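> sequence and predicted structure, then a few things I'm wondering about:
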Amino acid sequence: MSDIREIIVPLDCSLLDALNVLNSSEYLILLAVDQKGVLVRTITDGDVRRLILERKDVNVRIDEFSVQNPVVVSTSATDADVLKLMRLNEINLIPIIDASGRPVGIHMKANIDKTILLSAPHMGDHEQHYVREAFDSNWIAPIGPNVDAFEKEISDYVGGSHVAVVNSGTAAIHLALRLLNISHGDFVFCQSFTFIASVNPVLYQCATPVFIDSEHSTWNMCPLALESALEVHQATNNLPKAIIVVHLYGNSARMKEILNVANAYGVPVIEDAAESIGSFYQGKHTGTMGKFGIFSFNGNKIITTSGGGALISHDKDMINKARFLSTQAKDQAPHYEHSEVGYNYRMSNVLAGIGRGQLEVLDQRVRTRRAVLQKYKDKLSHITHISWMPDVADDYSNCWLSVLSIDPKKTNVTPKILIQALFDQQIEARHVWKPMHQQKLFANNDYYFLKDKSFCDYLFETGVCLPSSSSITISQQDFVIESIIKVFTGNNSENMD
Ligand SMILES: *Cc1c(COP(=O)(O)O)cnc(C)c1O
């Protein structure tokens, strides 16, 4: 609550008076009260503007205008109640009144919207330094020293692969497909359990995605389902031109088995490591094992440039070609000469500056996110209805998101119920990705899974992503944990055991 005396005006003041008070106050609202000090209406700067236009006279008294019932709350309203009201009425300020209707304070959205986010950007200490450098040298765009340095630093970080930074992870996937000459009529095998961005670029190239189920030990592409799909396509002489495997939520796919199968059929693998920078598979960085790997630096990822991505490969020529394609495919010539389709996909020098600062703190962020997941596991271990995303002994996950799965045989609590209950507490939790083969967009695409029940359908029915920001505070996570426990103990779920 802040001091609101300065914004209380008598109902018989003039529009001009109101305008003056509004102008000198830090608030964007006035509280007009009657002689007893009871709040009658609020006046925003927008109201003043409309009233002046209506009457063309700044000396009219406020009480000449019709009274609206202001949205108010009592002193006992909780932040959650107030926030709900603000969302409902699409307003950012709500006066607080006492029992006799006098204003005693005001809620401001910015101060109470303390939603605990799923995955918030978390800057380190040096991002601004690199961005400053770009400003000082006026090297704002395009390309530039931060871009070169960021590519070099990513390359060093992942152990020497070549790197081209671009303006999104999606663009990086698109470039990989272009570089593999995927075009109309080609098939691309894709993990079904993923975010749409893994697959959209296949459509950009007018190729056809075929979906593969996930397996239990990693939640990522099932090598056996992949193999059976390859057998079927081999038989009709329709082998895919690429396989897009995803390291979801930071967990590596079973790359050894997948690469063995893919190599046996001579199909290149693209690793969608958008969510797994900083993760290892048997000691190797995810994204460095296939023909191509991609990272994303979107705002919700473990490190971010606000928007951005990287394409990586051991093939230097391919990465050079990616740089060429991502800057409009300009041929070598003294004028603008073009002989193939290009894109405007390159990362800007300013954003690469953010990326350089973020890369410095990546390992720290990974440690924190791993600790966040570990704490959930420890503190919720007594809730036997839930299990956690797998943790493979030989691998090291960046634990981008903490994801649990609720056993529907043991409780009535569904992901929807849990997510809503947490939302009511200003906690952002989400469903896991809805599998691609369930999307309307792909209603006519093939899907391969083993046995009678597709596993990623089960994950979608039972999975929930919890707040996992590296900036989450101890008390915030305690609150999330407490809230989860309440949902499970309040729903009589024990009865179903
Ligand atoms: C975020 C994400 C992408 C796309 O990255 P953008 O940078 O947002 O384009 C691709 N695949 C997966 C699995 C992702 O989570």
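Alright, I've got the coordinates.

> restricting to C-alpha, output stretch 475-495 in CSV.
C-alpha atoms of stretch 475-495 as CSV (Å, rounded to 0.1, in the frame of the first residue of the first chain):
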residue,chain,number,x,y,z
SER,A,475,10.6,-19.3,-0.7
GLN,A,476,8.9,-19.2,-4.1
GLN,A,477,9.8,-22.9,-4.7
ASP,A,478,8.7,-23.8,-1.2
PHE,A,479,5.4,-22.1,-2.0
VAL,A,480,5.0,-24.1,-5.2
ILE,A,481,5.8,-27.3,-3.4
GLU,A,482,3.4,-26.5,-0.6
SER,A,483,0.7,-25.7,-3.2
ILE,A,484,1.2,-29.0,-5.0
ILE,A,485,1.0,-31.0,-1.8
LYS,A,486,-2.3,-29.3,-1.0
VAL,A,487,-3.7,-30.2,-4.4
PHE,A,488,-2.9,-33.9,-3.9
THR,A,489,-3.9,-34.1,-0.2
GLY,A,490,-7.1,-32.1,-0.8
ASN,A,491,-8.5,-34.3,-3.5
ASN,A,492,-8.9,-37.5,-1.6
SER,A,493,-6.5,-39.1,-4.0
GLU,A,494,-5.4,-41.6,-1.3
ASN,A,495,-8.7,-43.4,-1.5
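
> so which bits of it are buried?
By 16 or more other Cβ atoms under 10 Å, the buried positions in stretch 475-495 come out as 476-477, 479-481, 483-484, 487-488, 491, 493. Every residue, glycine included, has its C-beta placed from N, CA and C.

> list the contacts for the residue in the stretch 301-450 of the chain that the ligand sits nearest to?
Residue of the stretch 301-450 of the chain nearest the ligand, by Cβ to the nearest ligand atom: residue 309 (4.6 Å). By Cβ atoms under 8 Å, 6 or more residues apart in numbering, the residues touching residue 309 are 165-172, 274, 294-298, 347.

> which member of those residues is positioned nearest residue 360?
Checking those against residue 360 by Cβ to Cβ gives residue 297 as the nearest, at 13.7 Å.

> follow-up on the earlier one: now the residue nearest to the residue of the stretch 301-450 of the chain closest to the ligand when sequence neighbours are not counted: how far from residue 315?
Nearest non-adjacent residue to residue 309, counting by Cβ to Cβ, 6 or more residues apart in numbering: residue 169, 3.6 Å away. Distance of residue 169 to residue 315, given as Cβ to Cβ, to the nearest Å: 19 Å.

> what's the lowest-mean-pLDDT helix or strand in the chain packed up against?
The weakest-scoring helix or strand in the chain, judged by mean pLDDT, DSSP states H and E, is helix 109-112 (a mean of 82). Contact here means 3 or more Cβ pairs under 8 Å, 6 or more residues apart in numbering; DSSP states H and E; on that basis helix 109-112 packs against helix 79-89.

> packing partners for the helix it packs on?
Packing partners of helix 79-89 (3+ Cβ pairs under 8 Å, 6+ apart): strand 73-74, strand 93-97, strand 103-108, helix 109-112.

> identify the residues contacting the residue nearest to residue 309.
Going by Cβ under 8 Å, 6+ apart, residue 169 touches 197, 272, 274, 294-298, 308-310.

> find the pair from the residues you listed with maximum spatial separation.
Taking Cβ to Cβ, no two of those sit farther apart than 272 and 308, at 15.3 Å.

> the two: who's more crowded?
Counted by other Cβ atoms under 10 Å, residue 272 and residue 308 do not tie: residue 272 has more neighbours, with 33 against 28.

> so who does the residue lying closest to that one once chain neighbours are set aside touch?
With Cβ to Cβ, 6+ apart as the criterion, residue 272 has its nearest non-adjacent residue at 4.3 Å, and that residue is residue 246. Residue 246 is in contact with 191, 193-194, 198, 220-221, 253, 271-272, 274-275, counting by Cβ under 8 Å, 6+ apart.

> helix or strand for the residue nearest to residue 379 when sequence neighbours are not counted, just tell me which one.
Using Cβ to Cβ, 6+ apart and skipping the chain neighbours, the partner closest in space to residue 379 is residue 481 (4.7 Å). With secondary structure defined by DSSP states H and E, residue 481 is part of helix 474-490.

> show me where pLDDT drops low in this protein?
1-2, 141-142, 491-497 (pLDDT under 70).

> count of neighbours near residue 437?
By other Cβ under 10 Å, the residues close to residue 437 number 23.

> quick check: it vs residue 44, distance?
According to Cβ to Cβ, residue 437 and residue 44 sit 50 Å apart.

> can you check residue 462 too?
From residue 462 across to residue 44, the span is 46 Å (Cβ to Cβ).

> cool, residue 407 as well?
51 Å.

> for whichever residue of the stretch 1-150 of the chain sits closest to the ligand, give me its contacts.
Residue nearest to the ligand within the stretch 1-150 of the chain (Cβ to the nearest ligand atom): residue 119, separated by 10.4 Å. If a contact means Cβ under 8 Å, 6+ apart, then residue 119 has 300-302, 400-401, 467-469 as its contacts.

> again, but for residue 78
Residue 78 neighbours (Cβ under 8 Å, 6+ apart): none.

> show me which residues of the stretch 201-350 of the chain sit near the ligand.
Contact residues (Cβ under 6 Å from any ligand atom) of the stretch 201-350 of the chain with the ligand: 246, 272, 274-275, 296, 298, 309.

> give me that answer again for 5 Å
Residues of the stretch 201-350 of the chain found near the ligand (Cβ under 5 Å from any ligand atom) are 272, 274-275, 296, 298, 309.

> about what we covered before: got the buried residues of stretch 475-495 as CSV, with distance to residue 427 columns?
Listed next are the buried residues of stretch 475-495 as CSV, based on distance: Cβ to Cβ, whole Å:
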residue, distance to residue 427
476, 9
477, 10
479, 7
480, 5
481, 10
483, 6
484, 9
487, 11
488, 15
491, 17
493, 19
